[in-house]
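Novice: For reference, the sequence and a predicted model appear below.
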Amino acid sequence: MITIRRFSPDLKTKVPRGHPGVFAVPIQFDKASFAHMSTDLIAERFNGQPIMIDSPTSVVAMYIEPHGSIDEHHNSNFTLFIVLKGAGYVRLGGQKGEERAISAGDAVLWPSNIDHTVWTEEEALEAIVIEVDTGSSNT
């Protein structure tokens, strides 16, 4: 059976907890992470049903408006941030960490447990974000 999940911008929803100007469409989630929610509630929350598989990964389409930003944070997952369209900036390692400009065609790896952020200036940015649960190891 073929499973298809649309992730076009018309399906995006606001990313909660800060993150000004950041919207997303979940493409795939670990089924265990949402076992407590009904299929209908998941579909309502995420503007359709993400693909749910038994794997400690998530795949999200992210849309960052001009002057948008992801609040600086870290997590136990390593993250692959693949820029599809637009341009912005990333920082790894906190306020005094390394900063780089990014644009379409770039892929950025954020190791687990390291502060990271992304932001835009005049141009919007579209990306695919793949998070893999590594427990607590740095990859």
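Specialist: Great, that's in hand. Residues are numbered from 1 along each chain as shown.
Novice: quick one, phi psi at residue 40?
Specialist: phi -60, psi -40 (degrees, to the nearest 10).
Novice: Tell me how many other residues surround it.
Specialist: 9 (other Cβ atoms under 10 Å). (Each C-beta comes from the backbone N, C-alpha and C, glycine too.)
Novice: Likewise for the one 4 residues further on?
Specialist: In terms of burial, residue 44 registers 12 neighbours under the definition other Cβ under 10 Å.
Novice: roughly how far apart are it and residue 28?
Specialist: 18 Å (Cβ to Cβ, to the nearest Å).
Novice: And the helices in the protein?
Specialist: 39-45 (DSSP state H).
Novice: what about the longest strand seen in the chain, distance to the chain center?
Specialist: Criterion DSSP state E: the longest strand present in the chain is strand 77-92. Offset of strand 77-92 from its chain centre (Cα atoms, centre = their mean, to the nearest Å): 9 Å.
Novice: Report the buried residues of that strand.
Specialist: Within strand 77-92, the residues that count as buried by 16 or more other Cβ atoms under 10 Å are 77-83, 86-88, 90-92.
Novice: do stretch 43-61 as well
Specialist: Buried residues in stretch 43-61 (16+ other Cβ under 10 Å): 46, 47, 50, 52, 58, 59, 60, 61.
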